[in-house]
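Student: below are the sequence and a predicted model for it; my questions follow.
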Amino acid sequence: GISVILAVLYHFAGMSWDDAVMHMMTTVSLSGISAHDASFGYFANPAIETISIIFMVICGFNFSLHFAAWHHRSIGTYLRDPEAKAWVGALAVLTLISAATLVVNGVYDPLTALRHAAFSVVSAASTSGFGTEDWSAWPSALPILIMLSAGCFSCAGSTGGGVKMIRLIIAAKVAKREYLRLLYPNAVLPLTIGKTTIDDKIAFSVIVFLVVWVFSTFALTIAQLIAGMPVETAISATIACITNLG
């Protein structure tokens with residue numbers, strides 16, 4: 001259903017039917033492949049970009065959450081889910097930071113900055129990898145922040161790659177609990193997300209996964225450097241490969 005709606009919207013926003021169907025497939029799968037070398041920059045169409053942003057966000061949600069929302073006929077399902085709120089909140093914060101940085105550095109006017117920042121952030125964070133602008137040339141730490149978002153932001157059960165937002169939430173909860181244990185050694189501190197209690201075995205497996213992920217990224221980056229790649233290219237190529245960033 002999402003795929004059919006997206007293909008139709010792409011077409012009526014300005015794509016040919018061929019482009020609409022091809023880009024629908026790579027948007028819903030968050031694979032980021034385009035039929036054009038310039039990716040979405042080929043169309044230079046704000047309407048197409050807006051539609052793409054919306055559906056990259058939708059496909060970055062847990063698809064079980066879509067089913068639950070459809071089953072209960074309630075958008076409140078998204079508002080009650082901690083991972084969904086973290087997904088949208090992280091996108092919003094990083095988009096505003098990126099847009100503000102671009103405006104302050106005189107790269108774009110405010111509206112253009114918001115347009116390109118939103119598309120680039122959502123595209124990278126969802127591990128799509130579509131492009132309208134070369135954000136690797138943007139000032140300050142933006143390229144690093146946007147690239148790192150690909151490893152973290154999309155939800156479990158989505159079509160995106162990366163470590164998934166729920167694992168980051170669990171890791172943050174574990175870190176907070178262990179800090180509180182230092183202050184209050186005798187306190188009983190269950191690990192909860194929303195109304196769900198997380199078993200310590202699950203929390204431990206998440207921490208192990210994250211350690212392995214970080215170590216793998218570091219090791220592969222070193223291997224790329226040994227092979228002769230520049231530092232920036234080695235880091236970005238490794239993150240792109242290990243997260244399936246398009």
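Tutor: Yes, it's here.

Student: dump the residue contacts of Ser29.
Tutor: By CB atoms under 8 Å, 6 or more residues apart in numbering, the contact set of Ser29 is Cys59, Thr159. For every residue, glycine as well, the C-beta is placed using N, CA and C.

Student: now Leu168
Tutor: Contact analysis of Leu168 by CB under 8 Å, 6+ apart lists Ala86, Cys152.

Student: how far away is it from Leu145?
Tutor: Taking CB to CB, to the nearest Å as the measure, Leu168 falls 15 Å from Leu145.

Student: what's in contact with stretch 218-225?
Tutor: For stretch 218-225, using CB under 8 Å, 6+ apart, the contacting residues are Val231, Thr233, Ala234, Ile235, Ala237, Thr238, Cys241, Ile242.

Student: list the buried residues for that stretch?
Tutor: Within stretch 218-225, the residues that count as buried by 16 or more other CB atoms under 10 Å are Leu220, Thr221, Gln224.

Student: repeat for stretch 191-199
Tutor: Quick answer for stretch 191-199 (16+ other CB under 10 Å): Leu191, Ile198.

Student: checking the most far-flung residue of the chain relative to its centre next. Helix, strand or coil?
Tutor: Largest separation from the mean C-alpha position in the chain: Asn186, at 38.3 Å (CA atoms, centre = their mean). Following DSSP: H, G, I helix; E, B strand; the rest coil, Asn186 is assigned to coil.

Student: wait, what's in contact with the spatially most central residue of the chain?
Tutor: Residue closest to the mean C-alpha point of the chain, counted by CA atoms, centre = their mean, is Ala125 at 2.2 Å. Listed by CB under 8 Å, 6+ apart, the contact partners of Ala125 are Gly60, Ala90, Leu91, Leu94, Ile146, Ser149, Ala150, Cys152, Phe153, Ser154.
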